[in-house]
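Undergrad: What would the 3D arrangement of this be:
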Amino acid sequence: MLAAVYRGLKDEEKERETLTQIAEAASDEPDVYERLMELESNRKNWPAVFTNAARCLAVNPLVPYVHSYLGMASEELGRVPQAIDSYRTVLKLEPRSEEHTSELQSLRHLVCRLLLEK
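TA: Purely as a prediction, here's the structure:
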């Protein structure tokens with residue numbers, strides 16, 4: 001795939017453009033949506049992160065880190081209720097293992113902070 005070539009060449013702009021064209025033409029490309037979420041979050045392009053997270057969740061709603069991206073984008077876009085819902089979903093889906101404890105605790109604090117600010 002052309003996007004993979006651009007990624008190998010470390011040309012993120014061309015990779016992003018190619019992946020965006022694929023995402024707009026297809027409705028079942030979770031790998032494309034996931035990579036776009038990563039690229040767009042690095043650029044702080046929150047509307048694009050939101051769009052690609054929603055696309056990805058339409059294909060597979062059981063991926064915790066995609067809900068994290070949706071929560072982050074929602075929060076940055078001022079969609080606090082949706083951010084809270086997304087973060088709560090992460091907490092429900094994420095396994096309760098010791099290696100994730102501090103990350104999950106931080107997420108719980110974030111949900112509480114958002115609820116208090118609401």
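Undergrad: Next, the contact list for Arg16, please.
TA: 36, 39-40 (CB atoms under 8 Å, 6 or more residues apart in numbering). Heads up, the C-betas are built off the backbone N, CA and C, glycines and all.
Undergrad: now Leu62
TA: Leu93.
Undergrad: Work out for me the element it sits within.
TA: Using DSSP states H and E, Leu62 falls within no helix or strand.
Undergrad: roughly how far apart are it and Cys56?
TA: 11 Å (CB to CB, to the nearest Å).
Undergrad: Got phi/psi on Pro61?
TA: phi -80, psi 0 (degrees, to the nearest 10).
Undergrad: All the helices of the protein, residue numbers only.
TA: 2-8, 12-25, 30-42, 46-59, 64-76, 80-93, 101-117 (DSSP state H).
Undergrad: Mean confidence (pLDDT) on the third one, please.
TA: Mean per-residue pLDDT for helix 30-42: 95.
Undergrad: Now it: buried residues?
TA: By 16 or more other CB atoms under 10 Å, the buried positions in helix 30-42 come out as 30, 32-37, 39-41.
Undergrad: Kindly report the same for the first one.
TA: Of the residues in helix 2-8, those with enough neighbours to count as buried (16+ other CB under 10 Å) are 3, 6-7.
Undergrad: Mind putting those into a markdown table with pLDDT and distance to Thr18?
TA: What follows is the buried residues of helix 2-8, written out as a markdown table (pLDDT from 0 to 100; distance: CB to CB, whole Å):
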| residue | pLDDT | distance to Thr18 |
| --- | --- | --- |
| Ala3 | 88 | 4 |
| Tyr6 | 88 | 6 |
| Arg7 | 89 | 9 |
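Undergrad: Let me have the residues you listed in JSON lines, extended by distance to Pro47.
TA: JSON lines is the format used below for those (distance: CB to CB, whole Å):
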{"residue": "Ala3", "distance to Pro47": "21"}
{"residue": "Tyr6", "distance to Pro47": "22"}
{"residue": "Arg7", "distance to Pro47": "23"}
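Undergrad: Cheers, nothing more for now.
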